[in-house]
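Peer 1: Here is the input, now give the coordinates:
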Amino acid sequence: MANKRLKICVYAISKNEEKFIERFCDSAKDADLIMIADTGSTDGTVETAVRCGLLVHEICITPWRFDLARNAALALIPRDIDVCISLDIDELLQPGWRDEIERVWKDDTTRLRYMFDWGCGIQFKYEKIHARHGYLWHHPCHEYPIPDGRITEVWADTDMLLAVHKPDPTKSRGQYLDLLELSVKEDPLCPRNAFYYARELSFHQKYDESIAALKRYLAMPTATWMNERCYAMRTMGRCYVELGDVWEAERWFMQAAVEAPNTREPWCELTLLLHGQKRWPECYAAAMRALAIKDRLQVYTCDPTVWGHWAHDLASISAWHMGLKDVAVEQAELALKATPDDPRLAANLIWCRSSVAQDHADKPVPNIVHFMYFQGEKSRPFSYINWLAVKTASEVQKPDVIFMYYNQEPENNPYWERMKPLVKLVQMEAPTEYRGISLRDYPQYWADVVRLQKVYAHGGIYLDTDALLLKPLHEFMGEECTLGGLIEDMTTLEKTEKEFITNGILIAKPKARFIGAWLDELDEGLKNPTWAWHAVNLPLLIYKRNPNVAKVLDHQKFLPFLFEDYAVLDAARGEEQYEKHKDAHMFHMWETIWQPQLEGINDETLSISTSGFARFFAKYADKDWAMDKQAKDVVG
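Peer 2: Below you'll find the predicted structure:
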């Protein structure tokens with residue numbers, strides 16, 4: 001209402017709410033009037049409210065019902081008020097509430113829908129902000145403002161959270177059952193309170209009565225809201241569980257899933273029932289069906305617990321009993337992530353990991369190789385060296401499969417096309433964060449995360465795309481985890497630590513304990529401002545704490561020359577460098593630092609060079625040089 005400032009009243013009924021009055025008043029302080037109709041407090045509610053500047057009226061409603069109390073309070077609001085906000089004393093308006101109402105309320109508006117936080121992780125649209133004239137409250141319990149039949153109701157709407165419920169958990173709600181029974185008798189055609197009454201019966205463990213009332217609700221022609229009908233069917237299923245009729249319970253949980261297929265709740269209820277019967281394949285299927293539902297509806301029928309660890313936990317347990325141990329570990333990790341302070345979930349994960357590690361203890365590392373190439377603003381073009389890394393892995397290691405993980409294929413790149421027949425391409429989104437820690441725009445950091453995840457999940461050999469194999473790695477594949485090598489006294493302008501473990505090669509069994517520990521601490525490592533600290537310094541710290549979970553080789557095996565030593569590319573020192581490095585298993589070509597020196601390497605230059613590097617890798621060059629007709633200067 002641009003031409004007129006709204007006159008707003010916040011009103012409530014109260015009885016023995018002294019401890020909530022001050023915070024209630026503070027949250028509503030921007031109102032033109034805050035009014036309470038007290039229904040017989042015997043504590044300091046009235047005195048505290050008056051001291052806080054509230055207008056207080058004392059009313060008497062006998063026998064008690066909520067609608068008459070709220071109608072009495074409404075009648076006491078001055079006639080010149082434009083907008084009435086009905087709150088309970090344990091509900092708080094949120095900062096900015098008045099500005100938002102002024103923004104959306106138009107000249108002809110009579111009612112406002114807004115977001116309300118009921119507590120326990122449940123938020124939904126509420127409708128208890130209304131015009132001063134033309135409304136009355138209906139129903140003895142779970143009362144609701146309804147329009148007089150002589151007005152035209154005009155709605156406004158906002159997605160802003162305007163009110164939050166902060167209830168007193170010790171306060172009794174025992175009177176609700178009798179009032180809901182009265183409500184159903186007075187208005188037998190109202191589906192809303194018919195369901196509330198049926199649900200309340202289940203709270204009071206009157207299961208047979210609740211089932212009968214739920215069936216009456218579901219049979220009502222006006223009971224058409226699928227989410228509430230689903231809730232009723234879930235309640236029915238719970239009642240049958242309590243009565244020991246698991247087959248009837250299963251029928252109603254499945255019917256609930258059919259009624260509202262976009263909700264997790266019925267599938268989670270079903271998983272719990274199937275878990276109790278040790279029907280593991282069905283339990284797993286139901287849990288995974290629940291997890292496939294990603295959108296959380298903002299309705300009162302939502303159960304926030306289904307968005308925690310519930311489905312992950314039961315997926316893990318059922319997968320374990322089915323022999324899907326890797327899946328069980330993965331789901332146990334997700335369950336603990338959802339509820340990190342639960343000791344049972346933590347114990348389950350430890351036990352699963354330990355058992356899986358033991359299963360893999362006597363098995364060799366699988367002969368699979370993992371490469372990755374992620375394109376971003378700071379990535380390098382896929383190069384001849386990168387192709388050569390894949391080629392040597394294929395020829396030397398002869399793996400069962402080479403995986404190349406990538407986010408997008410480079411366009412018009414001959415080396416990428418030449419590489420593709422050698423690998424199984426796995427397209428995936430490049431991770432932008434890890435456990436809330438930004439990976440920024442560094443493709444190297446993206447690869448740091450993915451390499452650990454893939455090696456932990458599948459085992460095998462990870463190689464950087466500038467890691468060129470000279471010898472097969474079979475002799476290291478009986479260990480649980482082998483690391484590329486400890487580097488000492490290597491200092492750059494960016495680093496102060498003098499010891500590192502290279503992550504350019506990882507050899508590990510699935511679920512290797514060292515890789516698992518690295519993943520667990522990776523988020524903290526990423527917070528370190530030193531470049532790649534999480535990738536080369538953190539693993540050394542983990543290794544020093546527990547050297548029994550990994551084998552660290554001398555760096556000469558995989559990094560026979562460090563980044564400041566270019567001799568391997570020197571044509572004049574070819575024989576010397578060949579003899580010096582012939583016992584190495586791998587060359588790491590330091591592509592990030594050596595890019596200018598490596599750009600000139602291609603089929604032609606590699607074929608005619610006399611460098612030590614060429615002595616080792618010339619056999620892989622394509623002798624017709626078709627790929628490199630625009631080759632740069634010959635190396636060496």
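
Peer 1: got the buried residues for the lengthiest helix in the chain?
Peer 2: For the chain, the longest helix by residue count, based on DSSP state H, is helix 343-361. By 16 or more other C-beta atoms under 10 Å, the buried positions in helix 343-361 come out as Leu345, Asn348, Leu349, Cys352, Arg353, Val356, Ala357, His360. Heads up, the C-betas are built off the backbone N, CA and C, glycines and all.

Peer 1: What number of residues are in the vicinity of Glu604?
Peer 2: 22 (other C-beta atoms under 10 Å).

Peer 1: ok but it is inside a helix, no?
Peer 2: Yes: looking at Glu604 with DSSP: H, G, I helix; E, B strand; the rest coil, it is inside a helix.

Peer 1: What is the longest helix of the chain packed up against?
Peer 2: Here helix 343-361 touches helix 310-321, helix 325-338, helix 513-526, going by 3 or more C-beta pairs under 8 Å, 6 or more residues apart in numbering; DSSP states H and E.

Peer 1: before we move on, the earlier item: out of the buried residues of helix 343-361, which two sit at the greatest distance?
Peer 2: Leu345 and His360 (22.7 Å; C-beta to C-beta).

Peer 1: Quick one: the helices in the stretch 51-200 of the chain, in order.
Peer 2: 66-75, 97-104, 176-186, 191-203 (DSSP state H, counting those that start in this stretch).

Peer 1: wait, what's in contact with the nearest residue to Ala28 once chain neighbours are set aside?
Peer 2: Distance criterion C-beta to C-beta, 6 or more residues apart in numbering; nearest residue to Ala28, sequence neighbours excluded, is Val10 at 4.2 Å. When contacts are counted by C-beta atoms under 8 Å, 6 or more residues apart in numbering, Val10 touches Ala28, Ala31, Leu33, Ile34, Met35, Ile85, Leu87, Leu93.

Peer 1: go with 6 Å
Peer 2: Applying C-beta atoms under 6 Å, 6 or more residues apart in numbering, we find Val10 in contact with Ala28, Ala31, Ile34, Ile85.

Peer 1: okay, those residues in JSON lines with pLDDT, neighbour count and secondary structure next?
Peer 2: Below are those laid out as JSON lines (pLDDT from 0 to 100; neighbours: other C-beta atoms under 10 Å; DSSP: H, G, I helix; E, B strand; the rest coil):
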{"residue": "Ala28", "pLDDT": "95", "neighbour count": "24", "secondary structure": "coil"}
{"residue": "Ala31", "pLDDT": "96", "neighbour count": "20", "secondary structure": "coil"}
{"residue": "Ile34", "pLDDT": "96", "neighbour count": "24", "secondary structure": "strand"}
{"residue": "Ile85", "pLDDT": "97", "neighbour count": "24", "secondary structure": "strand"}
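
Peer 1: Adding distance to Ala571, write those residues out as a markdown table.
Peer 2: Putting the contacts of Val10 into a markdown table (distance: C-beta to C-beta, whole Å) gives the following:
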| residue | distance to Ala571 |
| --- | --- |
| Ala28 | 84 |
| Ala31 | 86 |
| Ile34 | 89 |
| Ile85 | 84 |
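
Peer 1: and which of those is nearest Ser14?
Peer 2: Ile34 (11.6 Å).

Peer 1: That closest one: what's it in contact with?
Peer 2: Here Ile34 is in contact with Val10, Ala28, Leu54 (C-beta under 6 Å, 6+ apart).

Peer 1: Can you spell out which helices and strands pack onto the worst-scoring helix or strand of the chain on mean pLDDT?
Peer 2: Among the helical and strand segments of the chain, the one scoring lowest on mean pLDDT, DSSP states H and E is strand 499-501, with a mean of 77. Where contact means 3 or more C-beta pairs under 6 Å, 6 or more residues apart in numbering; DSSP states H and E, strand 499-501 is packed against strand 481-488, helix 538-545.

Peer 1: Okay, now the sheet partners of it, with direction.
Peer 2: strand 481-488 (antiparallel) (DSSP bridges).

Peer 1: Pull out the buried positions in the strand it pairs with.
Peer 2: Quick answer for strand 481-488 (16+ other C-beta under 10 Å): Cys481, Thr482, Leu483, Gly484, Gly485, Leu486, Ile487.

Peer 1: and Gly485, what pLDDT?
Peer 2: Note on Gly485: pLDDT of 74.

Peer 1: Next, give phi and psi for the closest residue to it other than its chain neighbours.
Peer 2: The spatially closest residue to Gly485, leaving aside those adjacent along the chain, is His555, at 3.1 Å (C-beta to C-beta, 6+ apart). His555 adopts backbone torsions of phi -60, psi -20, taken as degrees, to the nearest 10.

Peer 1: ok so, going back, of the helices and strands packed on strand 499-501, give the one that comes closest to Tyr217.
Peer 2: Across the helices and strands packed on strand 499-501, closest to Tyr217 is helix 538-545 (C-beta to C-beta), at 57.9 Å.

Peer 1: Quick check: which element contains the nearest residue to Ala290 once chain neighbours are set aside?
Peer 2: With sequence-adjacent residues excluded and distances taken as C-beta to C-beta, 6+ apart, Ala290 is closest to Trp267, at 3.7 Å. Using DSSP states H and E, Trp267 maps to helix 265-276.

Peer 1: could you give the angle of that helix to helix 310-321?
Peer 2: 30 degrees (axes from the mean of the first three to the mean of the last three C-alpha atoms, to 10 degrees).

Peer 1: Any buried residues in helix 265-276, and which?
Peer 2: Result for helix 265-276 [16+ other C-beta under 10 Å]: buried residues Glu265, Pro266, Trp267, Cys268, Glu269, Leu270, Thr271, Leu272, Leu273, Leu274, His275.

Peer 1: Nearest to Val246 among those?
Peer 2: Nearest to Val246, judged by C-beta to C-beta, of the buried residues of helix 265-276 is Leu273 at 6.4 Å.

Peer 1: quick one, what contacts that closest one?
Peer 2: Contacts of Leu273 (C-beta under 6 Å, 6+ apart): Ala249, Glu250.

Peer 1: quick one: it from Arg251, how far?
Peer 2: Distance, Leu273 to Arg251, using C-beta to C-beta, to the nearest Å: 11 Å.

Peer 1: in the stretch 351-500 of the chain, which spans are helices?
Peer 2: 384-392, 414-419, 443-458.
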